[in-house]
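> This is the structure alone, sequence omitted:
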């Protein structure tokens, strides 16, 4: 497999350093360089200990996008910059490894995906839990019918957010749900599809940065199921993070998520090598960085034409539509 030249656009995303480290460490990638449009942010990244210290810095967006040797770009700007940057990359004919979520502008996201499809380009959104061994095991059980008909899915992903980050994220409706709850919503939509009805509770309980929703719940109704995505921004570390699936033939509960150690599987009868009742199913231990590396390896395999995308463009559209429905940015 030939080495692919990939550049990185932006340093402002919370995952930017980890994604750059994955690019630097991959034997299948040559890092072409990084462009950061904000001069202060660029200087801070270049001066800090970490992967940005030794990279080539592009002087302009045009310089990077005009480089015909670059096949793909990791889009790692802040969440309010990155959709514009991703669209520019697609217009320049680059595949994009795009860190989540995919902006607030639904028509622009549709336009970007349509243009990528027209050009034969991959836009892979960076939801790292797609590569998590526990989530993949649960996906197999759900999609094979092993757990029966799914009637409930419940998730919890909490964190703590500083005042500065609250102010930055508050430009997005949905606050912590937009920024963090999207990880769990990606799993919900992949397992259950498009919800018929979405109801959200986007509250500010702390009083700190009132425009920032810091205590949130999304309820997603399906014909024969409901899903709940619960997230807050003021949880005492380490935060409780769990994923629960309930079906007519059994249930699966995973807690913690990072690092996951086991899934509590409960079956109505023995099957698939598991006894009836409760079984603690071990889960491969993975670091956050290892998930980034799996994301990147999958992206490289896809853009080289060696496999279909793990999530098709239709899912990337549906996921973002559902997130925007939940945060009040989209009606329907």
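It's in. Because the structure is a prediction, the values reported are computed rather than measured. Numbers count the residues shown, from 1 in each chain.
> In this structure residue 246 contacts residue 150, no?
Yes: at 7.0 Å, residue 246 and residue 150 qualify as touching, with contact defined as Cβ atoms under 8 Å. Placement of C-beta: from N, CA and C, glycine included.
> Which neighbours do these two have in common?
Common contacts of residue 246 and residue 150 (Cβ atoms under 8 Å, 6 or more residues apart in numbering): none found.
> Between these two, tell me which one has more neighbours.
residue 150 (23 against 19; other Cβ atoms under 10 Å).
> burial of residue 163, as a residue count?
11.
> do the same with residue 168
Residue 168 has 18 neighbouring residues, counting by other Cβ under 10 Å.
> again, but for residue 15
17.
> and it, what does it touch?
76, 99, 126, 128, 292.
> so what are the domain limits for this protein?
Listed domain ranges for the chain are 4-128+291-312, 133-285 (source: automatic domain parsing).
> Helices along the stretch 151-300 of the chain, start to end?
Remark: helices assigned in the stretch 151-300 of the chain by DSSP state H, counting those that start in this stretch are 163-169, 176, 182-192, 288-303.
> Would you mind finding the most buried of these?
Comparing these by mean neighbour count (mean count of other Cβ atoms under 10 Å), helix 176 comes out on top with a mean of 28.
> residues contacting the closest residue to residue 261 other than its chain neighbours?
Closest residue in space to residue 261, ignoring its immediate chain neighbours: residue 283 at 6.1 Å, by Cβ to Cβ, 6 or more residues apart in numbering. Residue 283 is in contact with 133-134, 137, 254, 260-263, counting by Cβ under 8 Å, 6+ apart.
> try 10 Å this time
Applying Cβ atoms under 10 Å, 6 or more residues apart in numbering, we find residue 283 in contact with 132-138, 254, 257, 259-263.
> which of those residues has the weakest pLDDT?
Ranked by pLDDT, the contacts of residue 283 bottom out at residue 259 (92).
> So which residues of the stretch 1-150 of the chain form strands?
4-9, 29-35, 72-75, 95-98, 123-125, 150-157 (DSSP state E, counting those that start in this stretch).
> Out of those, the one nearest residue 298 is which?
In terms of Cβ to Cβ, the element of the strands of the stretch 1-150 of the chain nearest to residue 298 is strand 123-125, at 7.4 Å.
> so who does the residue nearest in space to the middle of the chain touch?
Centroid-nearest residue in the chain: residue 127, 2.1 Å away (criterion: Cα atoms, centre = their mean). In this structure, residue 127 makes contact with 99-101, 135, 182-187, 190, 291, 295, 310-311, 316, 319, judged by Cβ under 10 Å, 6+ apart.
> pretty sure residue 262 contacts residue 282?
Yes: under the criterion of Cβ atoms under 10 Å, residue 262 makes contact with residue 282 at 5.5 Å.
> more crowded one of the two?
Neighbours per residue, other Cβ under 10 Å: of residue 262 and residue 282, the larger number sits with residue 262, 15 against 12.
> For residue 54, give me the pLDDT.
With respect to pLDDT, residue 54 has a value of 87.
> Can you report how many residues lie near it?
By other Cβ under 10 Å, 9 other residues sit near residue 54.
> Pass me the low-pLDDT residue ranges in the chain, would you?
Residue ranges of the chain with pLDDT under 70: 1, 331-332.
> so which of the helices of the stretch 151-300 of the chain comes closest to residue 324?
For these, proximity to residue 324 was assessed by Cβ to Cβ; helix 182-192 is nearest, at 10.3 Å.
> name the helices or strands packed onto the helix or strand hosting residue 325?
Secondary structure assigned from DSSP states H and E places residue 325 in helix 313-326. In terms of contacts (3 or more Cβ pairs under 10 Å, 6 or more residues apart in numbering; DSSP states H and E), helix 313-326 is packed against helix 106-119, strand 123-125, helix 182-192, strand 197-203, strand 215-221, strand 226-232.
> Direction included, what does the shortest one pair against?
Right, the one you point to is strand 123-125. Applying DSSP bridges, strand 123-125 is found paired with strand 95-98 (parallel).
> quick one: residue 77 and residue 99 touch, right?
Yes: assessed by Cβ under 10 Å, residue 77 is found in contact with residue 99 at 8.3 Å.
> So which residues of the stretch 1-150 of the chain form helices?
Per DSSP H, counting those that start in this stretch, the stretch 1-150 of the chain carries helices over the ranges 16-25, 39-47, 61-65, 82-91, 106-119, 133-144.
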